[in-house]
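J.: I need the structure of the sequence given here:
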Amino acid sequence: IQVNSVLIVLCFASVLALSSQSAASYPTYLLAISMALTVRSWSDVFSSSLVWLLIALLGYLCLSVLWSDPLSARDALGLVMRALLVFLFTVAMAECQVRGQVPRWLARALAIVGSIAATAAIAWFWIEPNRYGRLFGLGQLDNPVVAALIFGAVIVLVMQMIIVEPDRRWRVIGWISLIVVAAAVYLTGSRNSWISVGCALGILLLAHRIQDRQRFIASVVA
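T.: Model (predicted):
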């Protein structure tokens with residue numbers, strides 16, 4: 001769990017910080033190998049309906065290559081491998097969420113790395129404005145929509161840290177990070193991300209305020 005927790009933090013941090021796609025992928029490959037070697041210890045995750053929902057979604061994405069024109073075996077294999085990586089990453093995240101310290105480590109790491117990445121992206125946006133008038137992230141976030149969604153994930157995790165973090169200094173860092181990263185999301189001009197991040201924050205706040213499971217589900221559905 002400790003090893004997987006560190007690798008998960010590195011996975012997120014490398015996407016925000018590294019411009020080389022190969023270098024940013026290495027922690028993901030190491031995490032997938034770690035999960036594959038310990039498959040017997042996490043086989044109980046299949047008792048969760050959410051895991052089967054994820055498998056169904058990834059299976060559909062893999063089947064989508066069948067109606068690609070032209071059909072490419074290489075592209076199909078690449079998509080299957082990416083789906084497998086996503087599945088193993090999600091299982092590792094769930095395992096560490098339940099048994100390890102990854103929520104606190106991840107939130108703190110992203111509060112710092114996310115703030116630096118967002119500040120650099122905003123600075124570059126003002127120094128070298130592009131013809132689209134939208135913020136493009138650095139590292140692997142060279143698309144405004146992808147950058148907004150990744151920064152949005154940082155916002156959700158940092159908000160979680162602000163709510164539960166006992167250390168006042170880290171809560172202050174969290175608020176600073178939240179403001180900076182939210183500004184980056186706004187400057188991307190991605191309405192998709194504005195709505196997605198807003199919904200995610202709403203669900204997070206509901207989860208902390210509503211203890212009854214049925215009421216929580218009804219609130220989310222509404």
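
J.: C-alpha coordinates for stretch 194-203, PDB please?
T.: C-alpha atoms of stretch 194-203 as PDB (Å, rounded to 0.1, in the frame of the first residue of the first chain):
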ATOM      1  CA  TRP A 194     -16.800  24.400 -15.500                       C
ATOM      2  CA  ILE A 195     -19.900  22.300 -15.300                       C
ATOM      3  CA  SER A 196     -18.000  19.100 -14.400                       C
ATOM      4  CA  VAL A 197     -15.900  20.700 -11.600                       C
ATOM      5  CA  GLY A 198     -19.000  22.400 -10.200                       C
ATOM      6  CA  CYS A 199     -20.900  19.100 -10.100                       C
ATOM      7  CA  ALA A 200     -18.000  17.300  -8.500                       C
ATOM      8  CA  LEU A 201     -17.600  19.900  -5.800                       C
ATOM      9  CA  GLY A 202     -21.400  19.800  -5.200                       C
ATOM     10  CA  ILE A 203     -21.200  16.000  -4.700                       C
END
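
J.: return the set of buried residues in that stretch.
T.: Ser196, Val197, Ala200 (16 or more other Cβ atoms under 10 Å). For the C-beta atoms, the positions are set from N, CA and C on the backbone; glycine is no exception.

J.: possible to save those residues as JSON lines with secondary structure?
T.: Shown next, in JSON lines, are those (DSSP: H, G, I helix; E, B strand; the rest coil):
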{"residue": "Ser196", "secondary structure": "helix"}
{"residue": "Val197", "secondary structure": "helix"}
{"residue": "Ala200", "secondary structure": "helix"}
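
J.: low-confidence stretches in this structure?
T.: 68, 99-102 (pLDDT under 70).

J.: all helices for the chain, in order.
T.: 2-17, 21-37, 49-63, 73-99, 102-127, 144-164, 168-188, 191-209, 213-221 (DSSP state H).

J.: what about the spatially most central residue of the chain, distance to Ser19?
T.: The centre of the chain sits closest to Ala153, judged by Cα atoms, centre = their mean, with a distance of 5.0 Å. Relative to Ser19, Ala153 is positioned 19 Å away (Cβ to Cβ, to the nearest Å).
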